[in-house]
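Asker: sequence first, then the predicted structure, then my questions.
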Number of protein chains: 2
Amino acid sequence: MNDNKSFIEHGGDIYTEGKFKGIKLVDFSSNINFLGIPKSFTNNVHKALEDIICYPDLKYREAKLHISEYLKEGIKEENIILGNGAAEIINLAIRALKKPCIVVPSFSEYETTAKDYSKEIAFSYLNEDFSYNYKDIMERLKECDGLVIANPNNPNGCIINKESFEQIIYYCEEYKKKIIIDEAFIEFVEDENQSFVDKCLSFKCLFIIRAFTKFYAMPGIRLGYGISSDIDFIESLLKLQIPWNINTFAEVAIKSVLKDQEYINNSKVMLNIERQYFTGELSKFNFIDKIYEAHANFLLIRLIKTTGEDIFNYCILRGVLIRRCRNFRGLDDSFVRLAIKSRDDNQKLLNIFMEFEIQLTGGK
Amino acid sequence: MNDNKSFIEHGGDIYTEGKFKGIKLVDFSSNINFLGIPKSFTNNVHKALEDIICYPDLKYREAKLHISEYLKEGIKEENIILGNGAAEIINLAIRALKKPCIVVPSFSEYETTAKDYSKEIAFSYLNEDFSYNYKDIMERLKECDGLVIANPNNPNGCIINKESFEQIIYYCEEYKKKIIIDEAFIEFVEDENQSFVDKCLSFKCLFIIRAFTKFYAMPGIRLGYGISSDIDFIESLLKLQIPWNINTFAEVAIKSVLKDQEYINNSKVMLNIERQYFTGELSKFNFIDKIYEAHANFLLIRLIKTTGEDIFNYCILRGVLIRRCRNFRGLDDSFVRLAIKSRDDNQKLLNIFMEFEIQLTGGK
């Protein structure tokens, strides 16, 4: 959790890398919607300022109502648990498992949490092309009491094939194993039907994690939530929470941005345009061996003739922070991850990469 | 913790009592500085809006630096742990005790947390005049591994006599028992020397809890902190926290309000004036048997010829929420607690009490 290990592991650490040294870095290491904070939130901040003099509602009834309307699919207040960031929900859900199977490479907090609370951990590695290995997951689940999987997956951006995954759901439902699906990036996916929220009411084994961090560009507001039709499970997690775990600004965010259809649509359109452009331009570099197909707002890249460390150092000297991948289980220093950002920022990185390539080939 | 029990136990529950029914209640049940949110915070909210697109610093280095400057006494960053509300710090600190001795009556979260995590709990009851029973505390500590005490105490507002408490500190330091002092209301106390922060560096057994909730009038921002010179203890609590537990608005609050000397001074002056006026007026009612000497911004009152329930119901029908005390260990329905608020609000309550008294005596 908050130990030194995870401290060096996360993207977005602009503090260690730059902020304290007075340098403003362009951050390609954390995957935040490049449209920035929705105006529907900033326009409503005054409401939070009026309300922070009161304690929040201990049950967060109104906030949950807004989320249930946003999710549709018949999800009700009682199916929702709010967290101080998705980090809290990840922590609570994984703590509930004795032996989780974690699909890797993935967000390091899954493993960090499991190490703190679980007796054993199993890992299911993605296939060589970085698609999910459904057969392997099924096999490993036989000796586990739950699955931890991200949809889309971070750091590569693949999404679960719902048809292929169906058998796993039926199996877990029958044998009372939990499936924790981290959908922190799901709103970036073009096809809305890729989410598993529509299966939640039919399958009690499912526990879906969502966040405001990525799509709504508010990591600083600390807000995530979990969804399940297993009310007993939800209540057992609620009991582990401290009272008033969600701040008033986060409550206002819930009430403001989830119905901001303009922001939601623009984000998807702009991301598609930039993903296409950025992928196309990146593929021209000789030191980039492969760009993996991505459904979210980041790209996993395999390098050739150079290392993540070298290119990281080259970039940071030029004011740009990228994500090395050597501390992702199953990856090494031949990978880097890049957020897809605005055209200006993307162009800035492409220019640095161009110089890097020239330097690499000795100007030849 | 966040279960139904504590849900009905806390003050400030304007949601269950009014907000959902469309009624705006005057809240005398939660003890918030009646000057309201410091302007030094609202004037700086734009800084949070610029920053929430970034993850907070995992180590909250700058925020801790501001707190250490505020506390003086040589307290350093490494002596401070930040919490998502004082609630998180209370939870973490009490979890560390196997058998705590809790001084009661006091804030219900101490006991709620201890029940969840401790094997046994001992209680030291305040004296009949609601002063601390130092001799009894000392006696009970022999079989406990830590003390939980508030300074000033809630619900009555008494403060620890530092001289009388000295022996307890020496004893706990020698026998490696923890002393958790909740100083959530300490800034309201006229004499700054009543805090135990000045003893922190000399005694590793001390762990002080502070909050932004009460004095800085921001329960909705969720911010509290713990202070100790026992670095190992601080680090063991840090390990139990989830990453990024403090939101960006709370960080901005830390950087803004702690140096707002005008707000700090005004708060103390205004509270003194209102406490004197309110106490004087309240003492005239025949149904009030006793008002306990209070050093914070609330008054504990013993009733006669009526009950807390009756007066609570009478007040809520007139748009005012007061705090019944029947669920405080050691108190019963002959007590109520009142926040000290602005002259207008206090007058409103006094008028209601006047009508209540007339009704009670049958107009005689």
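Answerer: Now that the structure is in, tell me what you want to look at. Residues are numbered from 1 along each chain as shown, chains lettered A, B, ... in the order given.

Asker: low-confidence ranges, the stretch 101-250 of chain A, go.
Answerer: Across the stretch 101-250 of chain A, nothing is flagged by pLDDT under 70.

Asker: if we use 90, what do you get?
Answerer: Residues of the stretch 101-250 of chain A meeting the criterion pLDDT under 90: A:119, A:192, A:213.

Asker: and it, which of its residues are near chain B?
Answerer: Within the stretch 101-250 of chain A, the positions near chain B by Cβ under 8 Å from any Cβ of the partner chain are A:109, A:217-222, A:238-250. Using the backbone N, CA and C atoms, a C-beta is placed for each residue, glycine as well.

Asker: give me the buried entries from these.
Answerer: Listed as buried from those are A:109, A:217-222, A:238, A:241-250; burial here means 16 or more other Cβ atoms under 10 Å in any protein chain shown.

Asker: got a list of what A:Ile322 touches?
Answerer: Residues near A:Ile322 by Cβ atoms under 8 Å, 6 or more residues apart in numbering or on different chains: A:Phe28, A:Ser29, A:Ile311, A:Phe312, A:Cys315, A:Val336, A:Arg337, A:Leu338, A:Leu349.

Asker: the second one contacts A:Pro155, doesn't it?
Answerer: No: taking contact to mean Cβ atoms under 8 Å, the distance of 10.6 Å between A:Ser29 and A:Pro155 leaves them out of contact.

Asker: common neighbours of the two, please.
Answerer: With Cβ under 8 Å, 6+ apart, A:Ser29 and A:Pro155 have common neighbours A:Arg323, A:Arg337.

Asker: ok, now how distant is A:Lys178 from A:Lys204?
Answerer: Using Cβ to Cβ, to the nearest Å, A:Lys178 is found at 9 Å from A:Lys204.

Asker: tell me which of these two has more neighbours.
Answerer: Between A:Lys178 and A:Lys204, counting by other Cβ atoms under 10 Å in any protein chain shown, A:Lys178 is the more crowded of the two (22 against 17).

Asker: quick one, what contacts the closest residue to that one other than its chain neighbours?
Answerer: Leaving aside its chain neighbours, A:Lys178 sits nearest to A:Gly146 (3.7 Å; criterion: Cβ to Cβ, 6 or more residues apart in numbering or on different chains). Contacts for A:Gly146 (Cβ under 8 Å, 6+ apart) come out as A:Ala96, A:Leu97, A:Lys99, A:Pro100, A:Cys101, A:Cys172, A:Lys177, A:Lys178, A:Ile179, A:Ile180.

Asker: residues near the first one, how many?
Answerer: Neighbours of A:Ala96 under the rule other Cβ under 10 Å: 18.

Asker: pull the contacting residues for it.
Answerer: Here A:Ala96 is in contact with A:Gly146, A:Lys178, A:Phe233, A:Ser236, A:Leu237 (Cβ under 8 Å, 6+ apart).

Asker: one more time with 7 Å, if that's ok
Answerer: Neighbouring residues of A:Ala96 by Cβ atoms under 7 Å, 6 or more residues apart in numbering or on different chains: A:Lys178.

Asker: do you know how far it is from chain B?
Answerer: Distance, A:Ala96 to chain B, by Cβ to the nearest Cβ, to the nearest Å: 15 Å.

Asker: doesn't A:Asn91 make contact with A:Ile180?
Answerer: No: applying Cβ atoms under 7 Å as the test, A:Ile180 and A:Asn91 come out as separate, 11.3 Å apart.

Asker: overlap of the contact sets of these two?
Answerer: Counting by Cβ under 7 Å, 6+ apart, no residue touches both A:Ile180 and A:Asn91.

Asker: name the residues that touch the lengthiest helix in chain A?
Answerer: The longest helix of chain A (DSSP state H) is helix A:261-282. Here helix A:261-282 makes contact (Cβ under 7 Å, 6+ apart) with A:33, A:35, A:38, A:40, A:188, A:190, A:215, A:257, A:288, A:291, A:297, A:299, A:301, A:340, A:343, A:346, A:350.

Asker: whichever of the residues you listed end up buried, select them in PyMOL.
Answerer: With 16+ other Cβ under 10 Å as the criterion, this PyMOL line picks the buried residues out of the contacts of helix A:261-282:
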select buried, chain A and resi 33+35+38+40+188+215+257+288+291+297+299+301+340+346
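
Asker: which residue comes closest to the one residue sitting closest to the centre of chain A once chain neighbours are left out?
Answerer: By Cα atoms, centre = their mean, chain A has its centre lying nearest to A:Ala184, at 4.1 Å. Once flanking residues are discounted, A:Ala184 sits nearest to A:Ala211: 4.2 Å by Cβ to Cβ, 6+ apart.

Asker: OK, contacts around that neighbour?
Answerer: Contacts here follow Cβ under 7 Å, 6+ apart; on that basis A:Ala211 touches A:Ala86, A:Ala184, A:Gly224.

Asker: show me the contacts for A:Met218.
Answerer: The neighbours of A:Met218, taking Cβ under 7 Å, 6+ apart as the test, are A:Ile37, A:Phe212, A:Ala253, B:Ile52.

Asker: A:Pro155: neighbouring residues, count only.
Answerer: A:Pro155, neighbours per other Cβ under 10 Å, totals 27.

Asker: which SS class is it?
Answerer: What DSSP: H, G, I helix; E, B strand; the rest coil gives for A:Pro155 is coil.

Asker: residue of the stretch 1-150 of chain A nearest chain B, please.
Answerer: Nearest residue of the stretch 1-150 of chain A to chain B, counting by Cβ to the nearest Cβ: A:Ile52, 3.2 Å away.

Asker: for A:Glu251, see how far away that residue is.
Answerer: Taking Cβ to Cβ, one finds A:Ile52 at 10 Å from A:Glu251.

Asker: A:Leu331 now?
Answerer: Distance of A:Leu331 to A:Glu251, computed by Cβ to Cβ: 37 Å.

Asker: check A:Gly157 too.
Answerer: With distances taken as Cβ to Cβ, A:Gly157 is found 31 Å from A:Glu251.

Asker: ok, back up a step: apart from its chain neighbours, what residue comes closest to the residue of the stretch 1-150 of chain A closest to chain B?
Answerer: Sequence neighbours aside, B:Gly220 is the residue nearest to A:Ile52 in space, at 3.2 Å (criterion: Cβ to Cβ, 6+ apart).

Asker: all strands of the stretch 251-364 of chain A, in order?
Answerer: Using DSSP state E, counting those that start in this stretch, the strands of the stretch 251-364 of chain A run over residues A:288-291, A:298-303, A:320-321, A:323-324, A:335-339.
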